[in-house]
Structures are given as structure tokens and as C-alpha cells.
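# Sequence first, predicted model second:
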Amino acid sequence: MGDVFMLQWKRLLKHPMLVVMFLGLTILFVYFMGGTQVNSSVNVPVYTESLTKEELSIWVDRLNKDDSIIFEATDYKTVEEEIRMNEIGYAMEIDKETYRFLIGREDERLPVVEQHVDQIVRENIRLEEVRDSFPESKIEIQEFLTVDKTHQVEDIGTMDQFQLSILIGMTFYFTVYTILYLQINLVEEKRMGTWNRLIFSPLSKTQIYLGHLSHYFSVGLGQVLLAFFILTKLLDIDLGTNYLSMAAVTLAFIFAIVSLGMLVSALVPSPQSLQVVIPIVATSMAMLGGAFWPIDIVSNQFLLFIAELMPIRHGLNGMIDAIYLGLPISEILQPIGILLLMGILFMGIGINLMERMSKA
């Protein structure tokens, strides 16, 4: 096993561009898709068609109570042009007692913004009603209860769920590419006869398979760890300290992908065919599994069912629960168990098919 493992590493070190390329693509995609939004506030353009500039300014001051949501006064023409050019996802129109959102595209932060606005507007309406009932009295809002945040769980990261989905999704997506492309060597060895020569060596088939699979596993794990390390330093991202849960999900996901690669390699007749199949498998799995966009925006029940069959879906869920919610392993056993089950099924079927093809 050790000799086969080291042989695969020597082959990779002679031609490392595959891993370097996909690692670079991971950093590039995360930087441009999610990096600019790391640790940033939510900016909401606000316009009106009925209020004066002074009244709009008063409303903006009222809404800017939360530092994480910044409301900026603007006009309708500017908002319309920015939405049309896809520069912003939405804007808010405010009237004296009502508001509405002009939406250009779906945004997972909109419900949070809407909840904040609704609270401020309702509070102002109630205040005006009280003032109308008691015109001679001076009515002001006083805080009777304040909450001071004195402790924060250290193992929870500071990123929001969207940023985590981009970071983890792109990292896992390109790791799938790396692992599957490396397994082309296995198909090539079977086609060229190198595999048969290994069979006649003192090594058993189990040792040969373990040597190959442990190599793919270690390369995939190394790429994930290196991508996380570089991105946390480059983009000043905090993933928290819940390392045990993150490690468990990552290991289970890589095991599932290595096993999936064995199954795909067994089903494809030649290395050239495998090169065609890999992008289809990896990209479709990432699209359906939520690596490119939040799965919450999908309403089709059939697509949601298919998403549950994608390893990357459960890898994302497990990592978000581990980082964003800081859950221990005992509370994320479901995604880990599903990934392990997928890996066992893929591995068993894949090796069985490979052995049948070798005998044929």
C-alpha cells in the first residue's frame, strides 16, 4: 500500500499543475464571488416619490439604527438604472406610513432588511397615533430594557451564511474536479496494462486499491485545507474554532467524492470519455447541491429531491452548521452519516464494476 501511495505522489509532484490550477480557481472564484462581501454591511438604497428631501432624510436617520444595515437616500432614476444593470439587487421606496421594495433579483438578506424596516415603520406609526391622541403632551421613546452582549461563543465564525456557502461551495466544487481528474490515472493504468502487472506483484488487490484511494483522499484533503488557509489569510475570514466538527464533515465529504470517482471511473470505458464526463458530473452536482446559489431560492420539489442526492449538498449543510452555528459533532451526525453512507455505496458498486471489467 505504501509503495503505491508514494508512487502516486511522485507522479503528481512531476506534474502538479492540475492541483495548482484548481486551487487557484478556488481562490479566484471565492475572491470575486464572495470576498468583496466579507465583513461588509448591507447597503439599501431608499427613494421616495411623495416625500420631500427633508422628510426622506428623517426616515433614513430613523432606519439607520442598526450598523449592519445602512440605508442611503437616492432617487428613482438612479435605483432603476442600477437594478437594470444588475449593480444592486433591490431598493426600498418609502412613503409617510408605507414602504415597498423594488426587487431586481433574489437576495437572501432581503428578509432581514424587511424585518428591520417593518419594525421601525410600525414603531413610528404607533408613536404618531399616540401623539395625535395626546397633542399637548410631549411623547418620546425611552428604553427601559437594554441588553449588553458580554460573551460570544469562540468557535463560531463571523461570516454570514451566504459568504460561507460561496467559500465552502467553491472549495468543495474544485476539490471534486481535482479528485476525479486524478482518477483518470487509474483508468489509464487499467487500459495500458500497468494494473495487471501490479496484480502479479506481491501486493494484494486491497493494498493496491488502498494505495490509490488514500492518495486521492490526501490530495483532496490537502487542497481543502490549503484553500481554507489561504482564503482566511487573504480575505481576513474567520471560520471560528470548531475544528473537530469541520474536520469530520470535510473527511466524510472527501471520502464520498473519492468513492464517487471510483464509481464514475468504473462506468466510463476510456480516459478520454472520463475527461468529458467529469465536468458534467462536478458542475451538475454543484448546481443542484447549492454551491453556486442558495438552495433556498429553489421551489421545484423535484429539484429539491435531486439536491438531497448530491454529496456537496450535505457537505455544505454540515460545514455551515459547524461554522455558522457552531454545532458539535453530535448534532451534525445526519450530514456526516449521509456522506459516509454515500461513500460506502459508491465504493462498493465502483470496485465491484471495476473487477468485473478487469475479468472481462
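Great, that's in hand. Worth saying up front: this structure is predicted, and the values here are computed from it rather than measured.

# In this structure, which helix is the longest?
Looking across the chain with DSSP state H, the single longest helix is helix 205-234.

# ok now the following helix or strand past that helix, how far from the chain's centre?
Following helix 205-234 in sequence order, the next helix or strand is helix 243-267 (DSSP states H and E). On the basis of C-alpha atoms, centre = their mean, to the nearest Å, helix 243-267 is displaced by 16 Å from the centre of the chain it belongs to.

# quick check: angle from the helix or strand following helix 243-267 to helix 243-267?
For helix 243-267, the succeeding helix or strand toward the C-terminus, using DSSP H and E, is helix 271-289. On the basis of axes from the mean of the first three to the mean of the last three C-alpha atoms, to 10 degrees, helix 271-289 is oriented at 140 degrees to helix 243-267.

# Could you quantify the relative orientation of the longest helix of the chain and helix 243-267 as an angle?
130 degrees.

# Quick one: mean pLDDT for helix 205-234?
The pLDDT scores in helix 205-234 average 86.

# what's it packed up against?
helix 2-14, helix 17-33, helix 161-182, helix 194-199, helix 243-267 (3 or more C-beta pairs under 8 Å, 6 or more residues apart in numbering; DSSP states H and E). (Each C-beta comes from the backbone N, C-alpha and C, glycine too.)

# Just say which of the ones you listed is most tucked in.
When the helices and strands packed on helix 205-234 are scored by mean count of other C-beta atoms under 10 Å, the highest mean neighbour count falls to helix 161-182 (a mean of 24).

# what's the spacing between it and its chain's center?
That offset, for helix 161-182, works out to 8 Å (C-alpha atoms, centre = their mean).

# can you pull the buried residues of the following helix or strand past that helix?
Scanning forward in sequence from helix 161-182 by DSSP H and E, the next helix or strand is helix 184-192. Applying a neighbour-count criterion of 16 or more other C-beta atoms under 10 Å, one finds I184, N185, L186, V187, E189, K190 buried in helix 184-192.

# for the stretch 1-150 of the chain, which spans come out with low pLDDT?
For the stretch 1-150 of the chain, applying pLDDT under 70 flags the ranges 1, 3, 33-41, 66-67, 108, 135-150.

# can you pull out the helices in it?
With DSSP state H, counting those that start in this stretch, the ranges of helices along the stretch 1-150 of the chain come out as 2-14, 17-33, 53-63, 76-84, 110-133.

# and the angle for the longest one with helix 53-63?
Spelled out, it's helix 110-133. Using the same axes, to 10 degrees: helix 110-133 against helix 53-63 is 110 degrees.

# starting at the chain centroid, how far to helix 110-133?
With C-alpha atoms, centre = their mean as the basis, the mean position of helix 110-133 lies at 34 Å from the chain mean.

# same question, the third one
Centroid separation between helix 53-63 and its chain, computed with C-alpha atoms, centre = their mean, is 37 Å.

# Tell me which other helices or strands it touches.
Looks like helix 53-63 contacts strand 42-47, strand 69-73, helix 110-133 (3+ C-beta pairs under 8 Å, 6+ apart).

# Let me know the angle separating that helix from strand 69-73.
Using the same axes, to 10 degrees, helix 53-63 lies at 180 degrees relative to strand 69-73.

# ok, and for helix 53-63, which residues are buried?
Going by 16+ other C-beta under 10 Å, helix 53-63 has these buried residues: L56, W59, V60, L63.

# circling back to that earlier point, can you say which of the helices of the stretch 1-150 of the chain is nearest to S218?
Comparison of the helices of the stretch 1-150 of the chain against S218 by C-beta to C-beta identifies helix 2-14 as nearest, at 8.1 Å.

# what number of residues lie near E355?
Using other C-beta atoms under 10 Å, E355 is surrounded by 13 other residues.

# ok, it to Y209 distance?
As judged by C-beta to C-beta, to the nearest Å, E355 and Y209 stand 10 Å apart.

# Show me what V46 is bridged to.
A73, M92 (DSSP bridges).

# Just give the number of residues close to it.
Quick note: V46 (other C-beta under 10 Å) scores 21 neighbours.

# cool, Q115 as well?
For Q115, using other C-beta under 10 Å, the count is 10.

# H15 too?
By other C-beta under 10 Å, 8 other residues sit near H15.

# now swap in E129 and tell me
E129 has 10 nearby residues by other C-beta under 10 Å.

# now swap in L325 and tell me
Neighbour tally, L325, other C-beta under 10 Å: 17.

# The one 5 residues further on now?
In terms of burial, S330 registers 7 neighbours under the definition other C-beta under 10 Å.

# How much space separates it from F255?
Counting by C-beta to C-beta - S330 and F255 are separated by 20 Å.

# for I338, same thing?
12 Å.

# Tell me who's in contact with the closest residue to R62 other than its chain neighbours.
Among residues not flanking R62 along the chain, I120 sits closest, at 5.6 Å (C-beta to C-beta, 6 or more residues apart in numbering). Contacts for I120 (C-beta atoms under 8 Å, 6 or more residues apart in numbering) come out as R62, L63, K65.
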